[in-house]
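Asks: Sharing a model prediction with you, sequence too.
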Amino acid sequence: MNDRAVELLGQYEIEVQRTRKGRGAIVCETDQGCLIFKEYSGSQDRIELQNRLLNQIASAGLVKAEAIIPNKDGGLLVRDNDGAGYVLKTWRAARECAINDKDECMEAVRLLARLHESMILPGDTPNLPMLFEAEKEYEKHNRELKRVRKFLQQKGQKTWFEINLLHHFDFFVDQALTVTEEWKEYCKSAKENQNMDGAQETVPFCHGDYQYHNILKDDNGWFIVNFEKCLRDNPIRDLYLLLRKLLEKGNWSITLGSELLEAYGRERQISAHSFIDLYYRFAYPEKFWKIVNFYYNSGKAWIPGRNQEKLERVVSQEKDKQKFLDEVFRNVGRLR
């Protein structure tokens, strides 16, 4: 963010009292309260979808979330001389959800359930995006895993990290392929059993990046931000993302996982389909893929020691993760 970007604030019906730099943004104290001005690289359709969802959330009144401030012409974006887009949103100078505080994590899950109840649009809403199909995304991950395995097998001199990575590759690739194939078969069967006549009456969306740093708290309560990655997918996607991070830190505690799922379920029932969807997302070795993806797409002349630590943690937690899946999702076979 530079001074030229600050000048763009003159295109809004606000009186800016002072500004300060945040992470890739400008926090503004104004006559309309605390706002944040950020660069936006998405399309016009995406910002319109985001605004439509935020308005829906505000109308439902179940949770507090950011809102986009229109400019003087009613537009959602302003652009600088280079064509870069910027968006102005409501903001709170609040702290992030405390990931090590169980009570706050439980509340974050309950907030998520209420958020999902608010992120449902009518099926006849214009310009609805295509449904995201997670099983196809994981097919792409699998192709990358195979490509990186071949690269490592053919590589001459290897670092200690690369030797260890290759040592565990077959196990996790086999796991990824098995989970993906089972998931594809399940999705195919589920689609065949659905009534395909007519359009859906309602279409659910998810936040897309529901993590602790996007869940803020101050004296006025909770506030959810950064909906830039919102998308049309099973809302269980958000629950998976939040729980996976919490469970990795909690060594895949069966008790913690069960309590978090129950907290969500008390606010918003988890259907059999969504429960199976959640199981497959957990069963897929996504953390291993992330490590591989980061390694392959970064400079390989120097590999951070942190990579080795992450790999060792994934391997060491695998037994606990499988025990978690066996216990918490023991009814998945019957539900399928």
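Replies: Okay, I see it. Residues are numbered from 1 along each chain as shown.

Asks: This structure: strands as residue ranges?
Replies: All strands of the chain, identified by DSSP state E, fall at 16-22, 25-30, 33-40, 78-79, 85-90, 95-96, 120-122, 202-204, 215-218, 221-224.

Asks: Can you give the strand pairings for the first one, parallel or anti for each?
Replies: Just to be clear, that refers to strand 16-22. strand 25-30 (antiparallel) (DSSP bridges).

Asks: what's the answer for the longest one, then?
Replies: The pairing partners recorded for strand 33-40 under DSSP bridges are strand 25-30 (antiparallel), strand 85-90 (antiparallel).

Asks: Identify each buried residue in that strand, please.
Replies: By 16 or more other C-beta atoms under 10 Å, the buried positions in strand 33-40 come out as 35-38, 40. Quick note: C-beta positions are derived from backbone N, CA and C, even for glycine.

Asks: same deal with the last one?
Replies: Of the residues in strand 221-224, those with enough neighbours to count as buried (16+ other C-beta under 10 Å) are 222-224.

Asks: picking up where we left off before, ok, which pair from the buried residues of strand 33-40 is furthest apart?
Replies: Within the buried residues of strand 33-40, two members stand farthest from each other by C-beta to C-beta: Leu35 and Tyr40, at 14.3 Å.

Asks: returning to that earlier point: can you put the buried residues of strand 33-40 in JSON lines and add distance to Lys287?
Replies: Below are the buried residues of strand 33-40 laid out as JSON lines (distance: C-beta to C-beta, whole Å):
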{"residue": "Leu35", "distance to Lys287": "36"}
{"residue": "Ile36", "distance to Lys287": "31"}
{"residue": "Phe37", "distance to Lys287": "34"}
{"residue": "Lys38", "distance to Lys287": "29"}
{"residue": "Tyr40", "distance to Lys287": "30"}
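
Asks: of the residues you listed, closest to Leu111?
Replies: Set against Leu111, the nearest of those by C-beta to C-beta is Ile36 (20.1 Å).

Asks: Which residue lies closest in space to that closest one, excluding its sequence neighbours?
Replies: Excluding its sequence neighbours, the residue lying closest to Ile36 (C-beta to C-beta, 6 or more residues apart in numbering) is Trp91, at 3.9 Å.

Asks: List phi and psi for Ala93.
Replies: The phi and psi values for Ala93, taken as degrees, to the nearest 10, are phi -80, psi 70.

Asks: What distance do you get for it to Tyr210?
Replies: 21 Å (C-beta to C-beta, to the nearest Å).

Asks: more neighbours, the two?
Replies: The neighbour comparison of Ala93 against Tyr210 (other C-beta atoms under 10 Å) goes to Tyr210, with 26 against 12.

Asks: Tell me which residues touch the residue nearest to that one when sequence neighbours are not counted, please.
Replies: In space, and not counting its chain neighbours, Tyr210 is closest to Asp238: 4.0 Å by C-beta to C-beta, 6+ apart. Counting by C-beta atoms under 8 Å, 6 or more residues apart in numbering, Asp238 touches 112, 115-116, 206-208, 210.

Asks: which ones among those residues are found in helices?
Replies: Mapping the contacts of Asp238 onto helices (DSSP state H) picks out 112, 115-116.

Asks: Same list (the residues you listed) but as JSON lines, adding pLDDT and distance to Asp80.
Replies: Converted to JSON lines, the ones in helices among the contacts of Asp238 look like this (pLDDT from 0 to 100; distance: C-beta to C-beta, whole Å):
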{"residue": "Leu112", "pLDDT": "98", "distance to Asp80": "35"}
{"residue": "Leu115", "pLDDT": "98", "distance to Asp80": "32"}
{"residue": "His116", "pLDDT": "98", "distance to Asp80": "36"}
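
Asks: Which one of these is nearest to Arg52?
Replies: Nearest to Arg52 among the ones in helices among the contacts of Asp238, with distances taken as C-beta to C-beta, is Leu115, at 15.0 Å.

Asks: Tell me the spacing between that closest one and Ile57.
Replies: Taking C-beta to C-beta as the measure, Leu115 falls 7 Å from Ile57.

Asks: between these two, which one's more packed in?
Replies: Counted by other C-beta under 10 Å, Leu115 and Ile57 do not tie: Leu115 has more neighbours, with 26 against 23.
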